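>>> next input, structure requested:
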Amino acid sequence: MSNPPDNTPENRPDHRFAEASRPLPPGQPPEPGLHLVATPIGNLRDITLRALDTLAGADLVLAEDTRVAAKLLNAYGISVTCWSFHDHNEDKQSGVVIERLRSGERIALISDAGTPLVSDPGFKLARAVIEAGLPVHVLPGASSVLAALSLAGLPSDSFFFGGFLPNKSGARIKRLEVLKAIPGTLIVFETAPRLVASLADMADVLGDRPAAVTRELTKKFEEARRGTLRDLADHYAEAGPPKGEIVVVIGPPDAGGETWDTQKVDAALADRVAAAGVKQASMEIATLSGWNKREVYARALALKDRG
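Numbers count the residues shown, from 1 in each chain. Alright, predicted model coming up:
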């Protein structure tokens, strides 16, 4: 007689996985409204199935550059009306788009790469559509911000995206002074010609923090060069500007391994609790110090009670 099947928790069939393994039904037509569709940042195979369904079923696709959009649409055999939609015509096009949405159309918005509205056109349109009481849908997907953060090897539990820094050094330094106190990893976009000067300004203002320069994410020549800000500035000053789209990831304050004793933790908490509250301040200081979150929270409560 055979033994009964092992039904211990670790061997019991998981119905969630069984459900997930079933073939997906054919894609349904998108619902009426504005669809914010993330597109690949390099590798065209990083498009989602839902994004393809939406683009194929849209009445209109708004694209930052229709030539770039055509490469994606043609790769998947999608034929759809495509309008140019960028910073210079967003105000003019938005009114027409909203009227078409009022009539029940399905309109997809894509940028050249990645998630729309993130340092790309579309924010004004999305806000106007929301204010008009019309539906907005989001289709998540590729993001150079998250891809760079994952690749950098720096703390990822708390981060701030700063977009593009100002072109000129004076304005850039002022912006970095604002970002300096943020208790998390910083992520910024940069152009190749400005990279060396920008890294040097970062080192001067933020300190020689650990950082990573990532480029050509998801493409054949994807690269993540890691080092301190000063080391990276020196490297690119000698090697010359790198090619491709660049995302710089910078470690948080004290990410280089400075020791946090009880006195330093308490001082940091005392400075942050009044402004951010016990819970938020505890999370921030735990991230920076590497201390256990519960222990930092307990110290924050004690400081508040004494305060």
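
>>> mind listing the strands for the stretch 101-250 of the chain?
For the stretch 101-250 of the chain, applying DSSP state E, counting those that start in this stretch gives strands covering 106-110, 136-139, 159-164, 185-190, 210-215, 223-228, 246-250.

>>> out of those, nearest to L52?
Minimum separation from L52 across those (CB to CB) falls at strand 136-139, 9.9 Å. All C-beta atoms are positioned from the backbone trio N, CA, C, and that covers glycine.

>>> list the buried residues in that closest one.
Of all the residues in strand 136-139, those buried under the rule 16 or more other CB atoms under 10 Å are H137, L139.

>>> stretch 280-297 too?
Residues of stretch 280-297 classed as buried: A281, S282, M283, E284, I285, A286, T287, L288, S289, W291, V296, Y297 (neighbour count, 16+ other CB under 10 Å).

>>> how far off centre is that stretch?
In terms of CA atoms, centre = their mean, to the nearest Å, the centre of stretch 280-297 is found 23 Å from the chain centre.

>>> for the record, mean pLDDT for that stretch?
For stretch 280-297, the mean pLDDT works out to 79.

>>> repeat that for stretch 92-112.
Averaged over stretch 92-112, pLDDT sits at 96.

>>> residues in contact with Y297?
V278, K279, S282, A286 (CB atoms under 8 Å, 6 or more residues apart in numbering).

>>> mind checking how far the third one is from Q263?
Same thing as S282. 17 Å (CB to CB, to the nearest Å).

>>> near D157, how many other residues are there?
A count of nearby residues for D157, using other CB atoms under 10 Å, gives 11.

>>> all further residue positions should be reported with the first residue as 49.
In the new numbering, first residue 49, that becomes D205.

>>> distance of it from M331?
9 Å.

>>> P301 now?
To M331, P301 is 15 Å away according to CB to CB.

>>> need the contact partners of whichever strand or helix holds A334.
Element membership for A334, per DSSP states H and E: helix 326-337. For helix 326-337, the surrounding residues in contact (CB under 8 Å, 6+ apart) are 203, 205-206, 231-232, 300-302, 308, 312-313, 316-317, 320-321, 323-324, 339-341, 344-345, 348-349, 352.

>>> which stretches of the stretch 99-248 of the chain form helices?
For the stretch 99-248 of the chain, the helices defined by DSSP state H, counting those that start in this stretch cover 114-123, 138-150, 171-179, 192-200, 217-227, 243-254.
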